[in-house]
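Trainee: I'll drop the sequence and a predicted model, then ask my questions.
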There are 2 protein chains.
Amino acid sequence: MKDLTADNITENAIVRHLHDFARETRLSMAEWEYAVDFLAACGQKCSPTRQFVLLSDVIGLSLLVDSIDHPKPEGATEGTVLGPFHTHDAHHMSNGDDIGTDPDGIPMLVHCFYDVQYSNRENPHGRAVLKTDANGQVWFKAIVPVAYPVPTDGPVGDFLRAMGRHPYRPAHVHFMFDKPGYDHLITALTIRGDRFESHDPVFGVKKSLIVDINEVNSELMAKKCGIPLGMKLLEHEFVVVTNIEATKLRREKAQEIMGRGSRKVEFYNDLPFLALD
Amino acid sequence: MKDLTADNITENAIVRHLHDFARETRLSMAEWEYAVDFLAACGQKCSPTRQFVLLSDVIGLSLLVDSIDHPKPEGATEGTVLGPFHTHDAHHMSNGDDIGTDPDGIPMLVHCFYDVQYSNRENPHGRAVLKTDANGQVWFKAIVPVAYPVPTDGPVGDFLRAMGRHPYRPAHVHFMFDKPGYDHLITALTIRGDRFESHDPVFGVKKSLIVDINEVNSELMAKKCGIPLGMKLLEHEFVVVTNIEATKLRREKAQEIMGRGSRKVEFYNDLPFLALD
């Protein structure tokens, strides 16, 4: 650790990448000071954790980590970012309950099918914990979502402004699925045609997760859900992945990426590392 | 910006490196959460800026940025980290003044030569701003430095403990040189033989900056400095670099590293970027 130079100072993966970044960009001391001040400012916000989550979101790191940690086989519902507004305090509700809270919003029925026992749903106007019925279905009343900005009052807002990026997420509804034996799924449905659909500041939009808002035209559904015909309707089928399959995919990908060539990848607490030989 | 995947989500240099880090290590969501909490904890320390400076120090980034931003030609004094204890409030003193404040310390004369008009000196026991005399010399009384730990009461202390690294910097004296027309020099002399000489937690030790502590055996020096023969003595000659030469070296290196191959590197506000063609 003596006589470290620009060529030998680098050790582990995150440090190697930070150092390579500094070398490649010829990072100046003034730029470094700016970065240190920026990180300190993120920490000085009243909710520093959220500010760093948001920073991770707007540089696409959150989405990437989700895709690494929750790989999906063909046919499974893709995951996406949880977003900086998630809270753990949603109330347990029953199928058909109204979780919307904006009196000016357009009422919408959300009708879903999936093979999970518990689900967690949130949007900027409301959030709730719901449980699927015997058929794997869950439905609730909400309002048609609209685009809204990620928080811009902190350093990450300055960051977006400095890059000339807008803060508006396209209209979407978050979903989180939890079922023993199945890989935790965090996802969100984006409403097709939103003007920000192709420019989500947190990179959370995926083709398979863009949906249309239709209208209820089935008398059966209207009766089951106790709502009028013609009400706005968001319908979706979610497919979750077993823990066994998710673990298998994670390990195959780890072997492929980390073991590139012939190195064997082993696992400790399900975290991958290169075998010594 | 739609349908971003693990393969196409990456854009600029720092983001590319963060993403590659996540891909290579197969970063899990739990590890990501730990990192977010760690950064937030750094920000929650009473002096968040210092905590991020210290973090940069202990991963060798500070030293690297110094070496990139302040390149040195053969024969010039090498730079090193400023360290997390620097303050800007040192008093102006005169040659020969005593800047040591520890009554238990061993008195030491520091006698330097360099071609700068103003210098700034600090160590854990004292700091002062001094001006060279007509011969480019400056001297002051201090105490023999001892090893001391970087701050370990914050998240970066937890980081060092988690990595099994000790926090002790080998005994050293910081120097900072400022002269119009010359590249700002931040450096430090490490006392040879310190038990932490090869294990500085902030990677600040360089062979050319390791010095011996001798004793004053010249009657001329004793008389000039008003100190007794036999007093501990730290003598060093510093060589600073002109702005013109430093800029030339920075630009040559930027062309070499960023322009690898045939791309031309241009400069805006002295910061390098790749020319379009």
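Mentor: Sure, I can see it.

Trainee: So for the residue minimising distance to the centre of chain A, what pLDDT did the model give?
Mentor: For chain A, the residue sitting closest to the mean C-alpha position, by Cα atoms, centre = their mean, is residue A:81 at 1.0 Å. pLDDT recorded at residue A:81 is 89.

Trainee: Also residue A:215?
Mentor: Reading off the confidence values, residue A:215 has pLDDT 95.

Trainee: Tell me which residues touch the residue lying closest to it once chain neighbours are set aside, please.
Mentor: Nearest residue to residue A:215, sequence neighbours excluded (Cβ to Cβ, 6 or more residues apart in numbering or on different chains): residue A:230, at 5.3 Å. For glycine as for every other residue, the C-beta is placed from the backbone atoms N, C-alpha and C. Going by Cβ atoms under 8 Å, 6 or more residues apart in numbering or on different chains, residue A:230 touches A:215-217.

Trainee: burial of the residue in chain A that chain B sits nearest to, as a residue count?
Mentor: Minimum separation of chain A from chain B (Cβ to the nearest Cβ) falls at residue A:43, amounting to 0.9 Å. Neighbourhood size, residue A:43 [other Cβ atoms under 10 Å in any protein chain shown]: 24.

Trainee: Looks like it contacts residue B:40 (just checking).
Mentor: Yes. Using Cβ atoms under 8 Å, residue A:43 is in contact with residue B:40, at 6.1 Å.

Trainee: Now do the shared contacts for those two.
Mentor: A:51-52.

Trainee: picking that back up, which of the contacts of residue A:230 are buried, as a PyMOL select command?
Mentor: Filtering the contacts of residue A:230 down to the buried ones (16 or more other Cβ atoms under 10 Å in any protein chain shown) takes a single PyMOL command:
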select buried, chain A and resi 216
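
Trainee: Adding secondary structure as columns, could you present the contacts of residue A:230 in a markdown table?
Mentor: As requested, the contacts of residue A:230 are exported to a markdown table (DSSP: H, G, I helix; E, B strand; the rest coil):
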| residue | secondary structure |
| --- | --- |
| A:215 | strand |
| A:216 | coil |
| A:217 | coil |
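
Trainee: out of the contacts of residue A:230, which one sits closest to residue B:247?
Mentor: Nearest to residue B:247, judged by Cβ to Cβ, of the contacts of residue A:230 is residue A:215 at 67.3 Å.

Trainee: which residues sit in contact with the closest one?
Mentor: Residue A:215 is in contact with A:229-233, counting by Cβ under 8 Å, 6+ apart.

Trainee: mind running it again at 7 Å?
Mentor: A:230-233 (Cβ atoms under 7 Å, 6 or more residues apart in numbering or on different chains).

Trainee: Most neighbours of all the residues you listed, which one?
Mentor: Greatest neighbour count in the contacts of residue A:215, by other Cβ under 10 Å, goes to residue A:233: 21 neighbours.

Trainee: Can you tell me the SS state at that residue?
Mentor: strand.

Trainee: Now that it has come up, it's in contact with residue A:216, right?
Mentor: Yes. Shown here, residue A:233 and residue A:216 form a contact pair, counting by Cβ atoms under 7 Å, at 4.8 Å.

Trainee: shared neighbours, those two?
Mentor: Residues touching both residue A:233 and residue A:216 (Cβ under 7 Å, 6+ apart): residue A:109.

Trainee: would you say residue A:109 is within a strand?
Mentor: Yes. Counting by three-state DSSP, residue A:109 is part of a strand.

Trainee: residues touching the nearest residue to it once chain neighbours are set aside, list them.
Mentor: Take residue A:109 and drop its neighbours on the chain: the residue closest to it by Cβ to Cβ, 6+ apart is residue A:233, 5.0 Å away. Residue A:233 sits next to A:108-109, A:111, A:213-216 when contact means Cβ under 7 Å, 6+ apart.

Trainee: Now flag whichever of these is closest to residue B:266.
Mentor: Each of those was checked against residue B:266 using Cβ to Cβ; the closest is residue A:213, at 49.8 Å.

Trainee: measure stretch A:160-178 end to end?
Mentor: 33 Å (Cα to Cα, to the nearest Å).

Trainee: now check it, is it near chain B?
Mentor: No. Applying Cβ under 7 Å from any Cβ of the partner chain, one finds stretch A:160-178 separated from chain B by no less than 9.3 Å.

Trainee: what's the answer for stretch A:234-244, then?
Mentor: No. With Cβ under 7 Å from any Cβ as the measure, stretch A:234-244 is seen stopping short of chain B, the closest distance being 13.9 Å.

Trainee: Flag every buried residue along stretch A:34-49.
Mentor: Buried residues in stretch A:34-49 (16+ other Cβ under 10 Å): A:35-36, A:38-43, A:45, A:48-49.

Trainee: same question, stretch A:174-190
Mentor: Counting neighbours by 16+ other Cβ under 10 Å, stretch A:174-190 gives A:174-179, A:182-190 as buried.

Trainee: Can you show me the strands along the stretch 101-250 of chain A?
Mentor: Here the stretch 101-250 of chain A has its strands, by DSSP state E, counting those that start in this stretch, at A:107-113, A:118-123, A:126-131, A:137-143, A:148-149, A:168-169, A:172-178, A:185-191, A:210-211, A:214-215, A:232-237.

Trainee: Any idea which of those has the lowest pLDDT on average?
Mentor: Across these, strand A:118-123 gives the lowest mean pLDDT, at a mean of 37.

Trainee: Buried members of the contacts of residue A:233 into ChimeraX, please.
Mentor: Buried residues among the contacts of residue A:233 (16+ other Cβ under 10 Å), as a ChimeraX selection:
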select /A:108,109,111,213,216
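
Trainee: Distance to residue B:26 added to the contacts of residue A:233, as JSON lines?
Mentor: Below are the contacts of residue A:233 laid out as JSON lines (distance: Cβ to Cβ, whole Å):
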{"residue": "A:108", "distance to residue B:26": "38"}
{"residue": "A:109", "distance to residue B:26": "40"}
{"residue": "A:111", "distance to residue B:26": "36"}
{"residue": "A:213", "distance to residue B:26": "37"}
{"residue": "A:214", "distance to residue B:26": "39"}
{"residue": "A:215", "distance to residue B:26": "44"}
{"residue": "A:216", "distance to residue B:26": "44"}
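
Trainee: nearest to residue B:206, of the contacts of residue A:233?
Mentor: Using Cβ to Cβ, the contacts of residue A:233 come closest to residue B:206 at residue A:213, 64.7 Å.

Trainee: what pLDDT does residue A:99 get?
Mentor: Value for residue A:99, per-residue pLDDT: 82.

Trainee: I'd guessed it sits against residue A:90; true?
Mentor: No. At 8.5 Å, residue A:99 does not count as touching residue A:90 under the criterion of Cβ under 7 Å.

Trainee: Those two: which is more packed in?
Mentor: residue A:99 (21 against 17).

Trainee: Any buried residues in stretch A:218-228, and which?
Mentor: Neighbour counts over stretch A:218-228 (16+ other Cβ under 10 Å) mark A:221-222, A:225, A:227 as buried.

Trainee: List of residues touching it?
Mentor: By Cβ under 7 Å, 6+ apart, stretch A:218-228 touches A:96, A:109, A:111, A:139, A:141, A:216, A:229.

Trainee: Could you dump those into CSV and include distance to residue A:261?
Mentor: CSV is the format used below for the contacts of stretch A:218-228 (distance: Cβ to Cβ, whole Å):
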residue, distance to residue A:261
A:96, 56
A:109, 53
A:111, 49
A:139, 51
A:141, 55
A:216, 56
A:229, 62
